[in-house]
Each structure stands twice: as C-alpha cells, then as structure tokens.
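Colleague: Sequence first, predicted model second:
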Amino acid sequence: MIGITSYSAYIPWYRLSKAKMGDATSFLLSFPTPGERSVANQNEDSVTMATAASIYCLDGEDRSKVDGLYFATSSPAYLVRQQASIVSTALDLREEIRVADFASGSKAGTTALMNAFDAVKAGSMNNAIVCAADCRVVQPGNPQEYVYGDGAAAFIIGKDDVVAELEATYSLSVDFVDRWRAVYEKFEHAWEDRWIRDEGYEKLIPRAINGMLKQQNLAMKDIAKLVFSYPIARLHAALAKRMGAEPAQVQDNLMDKVGDTCAAYSLMMLVGALEEAKAGDRIW
C-alpha cells in the first residue's frame, strides 16, 4: 500500500482583517469581504514556512529513512539556488537523498505530490517528503490582496503505516492564462475576473473531477470529501453543488481564515480533509 504516512500544515501567526483592508483602500467598500488572511512575518518566506511544516510532519519519524524531498512554490526565495536543498539541510536529512524544486503556479504542489507517489511506487524511494509553500507579494490596494494568503503544507509519502492510500490520479494540463508574473517583475498581473471564473475555474475543475469519476467508475455520492481550488467562497460552494456534491462533502476552502496560498492551497485543504476523515473515506 502506498500513500500518506504523515501530514501537517503551517500558518503564520499574523492575520490581516479584510474589513480593515477595505477601510484603508476603499476597495469594494460597498461589499465588505468577511474574514481575514494569513500574513508571513518579516523573517518568513516560502522556504522557512515549508521547513516549519516539514518539521511538524517529521515529528516522531525516523529522518534517516527519508529518501527524497520535493519542494513546491510560486514565490521562490532564490531564483538561482535549489530551495529543496535548503529545506533538506534545515531538516537535517541525509545528503545523498534526491531533492527537487517544483515551481511556476498553483499546480506545483499537487504535481510534486503525484511525483512523490510515482517515485515510491516505482521503488526509487521508500519514503519522500513533499512540502509546498507560498508567500506572494501583492501590490497594496490590489484586489489580490483580499484573496492571497501565506502558508505551507507537508506530507510524507511511503509504504508503511499509511493513513491515506492513493487509489488513483487524474490530471489536466492546459495553458490557461489567468495570472502571471515575469522573472523581472515584483507583482503579479491578472486578467479580468469573469474570464478567470467562466473559462478557468468553471470549466477546468468539472472536467478534471468528472474525468476522475469516470475513470474510476464512481459517482459523486461515493466521495466523502471533495477538495478543489476555487478561492471565492460563494462560487466554490455553487460549483460543488452543480457537480452534484452535498455541502457536507465539500472541504472548506479556507478563504475566511487563511486565503489562497497558491502551490500550498489544495494541499492545505487536503490536510483539513484528512483531519476530518474517517476510516474508508474517499477524498478527491
């Protein structure tokens, strides 16, 4: 059996009220946004948060048995330096393990997780750590300031003492342009929200989820928890309903507590789903 043997998340202590942001910027003042977002401290970045999540994940584990570490982020602390090596060294793992960085978008975290599963399944590793974190800098007053949050998640993938078995994977690879940032730029750009919503989330998410259900000959009623990235709480719930999911099946998207943590976003929701799961539950 191959699956997750340990998991954890790290959320910075600091919070920023979305109502306070509205008072300061007057953005959407007529439509106050509820909740708060997590904010990294001045001495925190994607590497330090991924390290913190991995430390919690390794609590009580034998570090000498870790054979690899994959690190995912869209906000690297260095452009020319392998960050997975920094995390591995900070965790005091063996020098001869395999490490790799995964970057350039919100899919980086789940891609790293699937690659770790494949490596363990192929026998290249017996145990691997996957950690994802993001700490994106947002232009003050930009609508993204209300959406983005800082945080990290970590998993150990192995064959022994598995708490969540991997049954199957299904993935779509589409060059959909919603948000982007060139290497010489500090802040992200974004297309119009309706384009991102209607042509991105509303079409690609159902294609991926329905593709998985069809592949495994399952129906939505067979799923205990549905985890998907849609950083707008109302639309997240509405899309789940259109796909046939009941409210109890849908994992909280963290938008009123943490925010969209990009590469770590889906993985942090997965940590929440695992905390709530019962024996035999299917999480998708």
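Modeller: Yep, it's here.

Colleague: right, and Gly68 touches Arg94 too?
Modeller: No: with contact defined as Cβ atoms under 8 Å, Gly68 does not count as touching Arg94 (10.2 Å). Using the backbone N, CA and C atoms, a C-beta is placed for each residue, glycine as well.

Colleague: So if I had to pick from the two, which one is more boxed in?
Modeller: Neighbours per residue (other Cβ atoms under 10 Å) separate Gly68 from Arg94, with Gly68 holding more: 23 against 11.

Colleague: Okay, and the beta partners of the more buried one?
Modeller: Gly68 forms beta bridges with Arg98, Ala128, as assigned by DSSP bridges.

Colleague: all strands for the stretch 51-200 of the chain, in order.
Modeller: With strands called from DSSP state E, counting those that start in this stretch, the stretch 51-200 of the chain shows them at 68-73, 98-103, 128-134, 151-158, 164-165, 179-180, 189-190.

Colleague: The longest one: partners in the sheet, and parallel or antiparallel?
Modeller: Looking at strand 151-158 with DSSP bridges, its paired strands and their directions are strand 3-10 (antiparallel), strand 128-134 (antiparallel).

Colleague: Please pull up the helix or strand immediately following the worst-scoring helix or strand of the chain on mean pLDDT.
Modeller: When the helices and strands of the chain are scored by mean pLDDT, DSSP states H and E, helix 18-25 comes last with a mean of 79. Per DSSP states H and E, the first helix or strand lying C-terminal to helix 18-25 is strand 36-39.

Colleague: Now do the same for that next one: mean pLDDT, whole number.
Modeller: Mean pLDDT, strand 36-39: 94.

Colleague: same thing with stretch 204-216?
Modeller: 94.

Colleague: Please compute how far the host helix or strand of Ile205 lies from its chain's middle.
Modeller: Here Ile205 sits within helix 202-216, counting by DSSP H and E. Distance of helix 202-216 from the chain centroid (Cα atoms, centre = their mean, to the nearest Å) equals 19 Å.

Colleague: Which strands or helices does it pack on?
Modeller: Using 3 or more Cβ pairs under 8 Å, 6 or more residues apart in numbering; DSSP states H and E, the elements in contact with helix 202-216 are helix 233-242.

Colleague: what's the helix it packs on packed up against?
Modeller: Helix 233-242 packs on helix 202-216, going by 3+ Cβ pairs under 8 Å, 6+ apart.

Colleague: Can you list the buried residues in the helix it packs on?
Modeller: Going by neighbour count (16 or more other Cβ atoms under 10 Å), the buried part of helix 202-216 is Ile205, Ala208, Ile209, Met212, Leu213.

Colleague: I figured the last one hits Arg207, correct?
Modeller: No: between Leu213 and Arg207 there is no contact, the gap being 11.1 Å when judged by Cβ under 8 Å.

Colleague: Low-confidence ranges, the stretch 51-200 of the chain, go.
Modeller: Counting by pLDDT under 70, the stretch 51-200 of the chain contains no low-confidence range.

Colleague: What segments of it are helices?
Modeller: 83-90, 108-122, 144-147, 193-195 (DSSP state H, counting those that start in this stretch).

Colleague: Of all the ones you listed, which one comes closest to Phe102?
Modeller: helix 108-122 (4.2 Å; Cβ to Cβ).

Colleague: buried sites along the closest one?
Modeller: 108-120.

Colleague: ok, of the residues you listed, which one's closest to Leu254?
Modeller: Out of the buried residues of helix 108-122, the member with the shortest distance to Leu254 (by Cβ to Cβ) is Gly109, at 13.8 Å.
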